[in-house]
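Q: below: sequence and its predicted model.
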Amino acid sequence: MSTAARAHLEVAGLTKRFGGLVAVKGMSLAVGAGKILGLIGPNGSGKSTVMKLIMGIERPDAGSVRINGVEVAGWPSHRIARMGAGIVFQHSRPLHRQTVLENITLALLPDKLTQLLADPQTDKRARAIAERVGLSGVLDRRPATLPFADLRKIEIAKAIARDPQVLLIDEPFAGLTAKETAAFSELICELRDDGRAVLLVDHNVKSVARLVDRVIAMYVGERIAEGSADEVMRDETVRRVYLGGSLETAARPESSFRDATPFLAVDSVSVHYGKAQALDNVSIHIHAGEFVSVVGLNGAGKTTLFNTISGLLPYSGEIRREGSALRGHSAAAIARGGIVQCSEGRDLFVYMSVRENLDLGGQHLPAAERAAQIAWLFDLFPVLRDRQKQAAGTLSGGEQQMLTIARALMMKPKLLMLDEPTLGLAPVILEQISKALERLRQTTPITVLLAEQNVTFALPHADRVYVLEHARIVWEGEPAKFAAEMGTGYL
Ligand SMILES: Nc1ncnc2c1ncn2[C@@H]1O[C@H](COP(=O)(O)OP(=O)(O)OP(=O)(O)O)[C@@H](O)[C@H]1O
Ligand SMILES: [Mg+2]
């Protein structure tokens, strides 16, 4: 018997159009029991769509999807789930009013709702699944209070609740630290060792390469390469359209910034959420025109720092812009004054078009200036020009990230605060954003504060770096000294 005949999942000729756009074109793949197939490709190449088509969340225009030999293409997704397929979505969407345990329990839901909460078996299974993915400690918490990695674990728990034989996992590593990524990788290996067929999508190519038996690379909806991870990563076309080149660094010494009073000074700032201290006596400063990175793991306090600067949180200590205190200014006034935060939550207007989102960002600009700014941004992110009329909510993950950054730039900020801009972006897009930042650095007076846990991106784009750990600044210095002084934990 050939491998393909024993494969749990076989896809052939799969095609999906959205209006004039062919998102997936004649895709074929096969994943056997106990195997992991990696699916890589630039943002918008159709990876998530392939998963949605397999799962019946989108209806294919053509092609075949077989699970254990049974043709399921075109079936509704609950029937495909019953055939043994499960999906971990790219974005976490827990029920916020339910606890972790309830979220998992709901995924275990038998077809009759009434059996749900009464059944002690269900409760036992939900707890077992929580244990397996590492959520036992937080069963009674609500999702909003959990760190990012735990939200991803809830998605995995939901996906494996019904013990799927075919498991589709979309970007499990995005936003995770190196340690969390290692733990997730181990969990994925275990799920494979159970004998499941796993289809894995992620832009963390190193982690994907370590896990997979084979890799397929996609580009504009089609397969462009297939083979071992090594073979595919060496492929010329894959390198060109996906992996891109290395990032260049060009830090400027602090002494080259002549302003005696820094553009922004955060002075001994502390923030509490109830009893928890989110910022502990944090002091940082940024000169006009300087690029500063705040590096820290999930939960270190980066987003809290940005929200505080933006005027969204009460704090003790002092924040000064060009010498005068920001306290008492509303968040809206601070933003209007040119301190603009581009948040990792994306908060785009999902039902509005790409163009409308951008226009809103630039609504304060005179028409001619707005048009010029949009033209400049379309040069920076050509995909947004092509997708002007598409609803923001239907963009691929990486495309949404680009739109978020572009919308912030539409406001022509003096200080742009970028919160984890690299989340979920293909390496080649990182290179594009990197070049865009470099162009901003060389050709505009903009000041940038970047929060990242991805140091390979944060260091090249900083003149100076701060490290935030457990609510405190623990290191400050030039990027060139980071590796020697902060060590391997971050790299
Ligand atoms: N409902 C929709 N309507 C219109 N276009 C869509 C819709 N869903 C997806 N698309 C488009 O189809 C293309 C493929 O999207 P998909 O989400 O599969 O990309 P992806 O490879 O998962 O990208 P990423 O790595 O950024 O997550 C994208 O260009 C996206 O904008
Ligand atoms: Mg995707």
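A: In hand now; what should we look at? Ligands and ions are numbered 1, 2, ... in the order given.
Q: can you give me the strands for the stretch 201-350 of the chain?
A: Along the stretch 201-350 of the chain, counting by DSSP state E, counting those that start in this stretch, strands occupy 214-219, 222-227, 264-273, 276-286, 291-295, 316-321, 324-325, 339-342.
Q: comparing those, which comes out most buried?
A: strand 291-295 (a mean of 26; mean count of other C-beta atoms under 10 Å). Every residue, glycine included, has its C-beta placed from N, CA and C.
Q: how about the nearest residue to F18, chain neighbours excluded?
A: Ranked by C-beta to C-beta, 6 or more residues apart in numbering and with sequence neighbours excluded, the top spatial neighbour of F18 is T394, at 7.4 Å.
Q: the one you found: how many residues sit nearby?
A: 14 (other C-beta atoms under 10 Å).
Q: separation between it and ligand 1?
A: Separation of T394 from ligand 1 (C-beta to the nearest ligand atom, to the nearest Å) stands at 4 Å.
Q: please apply the same query to N298.
A: Separation of N298 from ligand 1 (C-beta to the nearest ligand atom): 20 Å.
Q: and for R79?
A: Distance, R79 to ligand 1, using C-beta to the nearest ligand atom: 21 Å.
Q: on the C-terminal side of the helix or strand hosting that residue, identify the next helix or strand.
A: According to DSSP states H and E, R79 maps onto helix 77-82. From helix 77-82 onward toward the C-terminus, using DSSP H and E, the following helix or strand is strand 85-88.
Q: give me the distance from that following strand to the chain's centre.
A: Centroid separation between strand 85-88 and its chain, computed with C-alpha atoms, centre = their mean, to the nearest Å, is 19 Å.
Q: same check, this time on stretch 478-485
A: On C-alpha atoms, centre = their mean, the centre of stretch 478-485 falls 26 Å from the chain's centre.
Q: so which residues on the protein come close to ligand 1?
A: Contact residues, the chain versus ligand 1 (C-beta under 6 Å from any ligand atom): 18, 21, 23, 41, 43-49, 90, 390, 394-399, 426.
Q: which ones among those residues come in contact with ligand 2?
A: The subset of those within reach of ligand 2, by C-beta under 5 Å from the ion, is S48, Q90, G397.
Q: for the first one, give me phi and psi.
A: Pointing back at S48 there. phi -60, psi -40 (degrees, to the nearest 10).
Q: from what I see, it and V201 are in contact.
A: Yes - between S48 and V201 there is a contact at 7.0 Å, judged by C-beta atoms under 8 Å.
Q: any residues in contact with both of those two?
A: Contact criterion C-beta atoms under 8 Å, 6 or more residues apart in numbering; residues shared by S48 and V201: Q90, D170.
Q: got the contact list for K124?
A: Counted by C-beta under 8 Å, 6+ apart, K124 has zero contacts.
Q: from I104, how far out is it?
A: 12 Å (C-beta to C-beta, to the nearest Å).
Q: ok, how many other residues are close to A368?
A: The number of residues packed near A368 is 8, by other C-beta under 10 Å.
Q: my error: substitute G323 in the last question.
A: G323 has 11 nearby residues by other C-beta under 10 Å.
Q: again, but for L14
A: L14 has 24 nearby residues by other C-beta under 10 Å.
Q: quick check: the residue of the stretch 51-200 of the chain nearest ligand 1.
A: Relative to ligand 1, the nearest point of the stretch 51-200 of the chain is Q90 (5.8 Å; C-beta to the nearest ligand atom).
Q: and the closest residue to that residue other than its chain neighbours, bridged to which residues?
A: Nearest residue to Q90, sequence neighbours excluded (C-beta to C-beta, 6+ apart): D170, at 4.1 Å. Assessed by DSSP bridges, D170 has beta-bridge partners V201.
Q: tell me who's in contact with D170.
A: Neighbours of D170 in contact, by C-beta under 8 Å, 6+ apart: K47, S48, M51, I87, V88, F89, Q90, V201.
Q: hey, where'd the helices end up in the stretch 301-450 of the chain?
A: 302-309, 331-336, 354-361, 367-380, 382-386, 397-410, 427-443 (DSSP state H, counting those that start in this stretch).
Q: and for the stretch 51-200 of the chain?
A: Under DSSP H, counting those that start in this stretch, the stretch 51-200 of the chain gives helices at 77-82, 100-108, 120-133, 148-160, 178-193.
Q: can I get those in TSV with mean pLDDT?
A: Compiled in TSV, those are given as follows (pLDDT from 0 to 100):
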stretch	mean pLDDT
helix 77-82	92
helix 100-108	89
helix 120-133	88
helix 148-160	89
helix 178-193	91
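Q: got the domain ranges for the protein?
A: 3-243, 254-490 (automatic domain parsing).
Q: what's around the closest residue to ligand 2 within the chain, how many residues?
A: Closest residue of the chain to ligand 2, C-beta to the ion: S48 (3.1 Å). S48 has 25 neighbours, counted by other C-beta under 10 Å.
Q: could I get the phi/psi values of A451?
A: phi -110, psi 130.
Q: gap between it and S207?
A: In terms of C-beta to C-beta, A451 sits 22 Å off from S207.
Q: higher neighbour count, the two?
A: More neighbours surround A451 than the other of A451 and S207, with 26 against 21 (other C-beta under 10 Å).
Q: who touches the closest residue to the more buried one other than its chain neighbours in this structure?
A: Here the nearest residue to A451 in space, its sequence neighbours aside, is K302; by C-beta to C-beta, 6+ apart that works out to 3.8 Å. K302 is in contact with V294, G296, D419, E420, A451, Q453, L468, counting by C-beta under 8 Å, 6+ apart.
Q: show me the shaky parts of this structure.
A: Low-confidence segments of the chain, defined by pLDDT under 70: 1-7, 110-118, 245-249, 344-346, 487-491.
Q: repeat that with 50
A: 1-5 (pLDDT under 50).
Q: which strand residues bridge G227?
A: V215.
Q: reformat the contacts of K302 as JSON lines; add distance to I319.
A: Listed next are the contacts of K302 as JSON lines, based on distance: C-beta to C-beta, whole Å:
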{"residue": "V294", "distance to I319": "15"}
{"residue": "G296", "distance to I319": "19"}
{"residue": "D419", "distance to I319": "17"}
{"residue": "E420", "distance to I319": "21"}
{"residue": "A451", "distance to I319": "16"}
{"residue": "Q453", "distance to I319": "23"}
{"residue": "L468", "distance to I319": "16"}
